[in-house]
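Colleague: no FASTA, just this:
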């Protein structure tokens, strides 16, 4: 009986070590997935497009036309397909640590842009 307990304890310890070791292991990104550095740029542009679309909505513009135009332009700009974008989002949401790293960079980039816009607006207002 004691040998069986040792066996299960050993199996449990090995499983725990394997589970802990996999947490920090770098994931392999498939070829059809947008690489993380490029994904940052794509997501930044999509968030900016969303802001423009929300602004268009407030001005009662045709949202379908505006959103289709922006999304098509962004996909073309980044040289990706709608399918590739969708598969990449799905891949990264299933690999949450990688997705969190990407979004930290997205937030940094958007914050830089916001700071730039605010500083320009402040400069214009002070020049008036």
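Modeller: Arrived safely. Just so we're clear, the structure is a prediction, and the values are computed from it rather than from any experiment.
Colleague: pLDDT averaged over the strand or helix carrying residue 115 - what is it?
Modeller: Residue 115 is part of helix 96-127, with elements assigned from DSSP states H and E. Mean pLDDT, computed over helix 96-127, is 86.
Colleague: Please pull out the lowest mean pLDDT helix or strand from this structure.
Modeller: Here the helix or strand of the chain ranked lowest by mean pLDDT, DSSP states H and E is helix 2-23, holding a mean of 52.
Colleague: After it, heading C-terminal, what element do we hit next?
Modeller: Helix 2-23 is succeeded, C-terminally, by helix 36-58 (DSSP H and E).
Colleague: Who are the contact partners of residue 98?
Modeller: 27, 36, 92 (C-beta atoms under 8 Å, 6 or more residues apart in numbering). In this view, the C-beta of every residue, glycine as well, is placed from N, C-alpha and C.
Colleague: now with 10 Å?
Modeller: Contacts for residue 98 (C-beta atoms under 10 Å, 6 or more residues apart in numbering) come out as 26, 27, 29, 33, 36, 39, 91, 92.
Colleague: What distance do you get for it to residue 28?
Modeller: As for residue 98, its distance to residue 28 is 11 Å (criterion: C-beta to C-beta, to the nearest Å).
Colleague: before we move on, what about residue 75?
Modeller: Between residue 75 and residue 28 the distance is 25 Å, computed by C-beta to C-beta.
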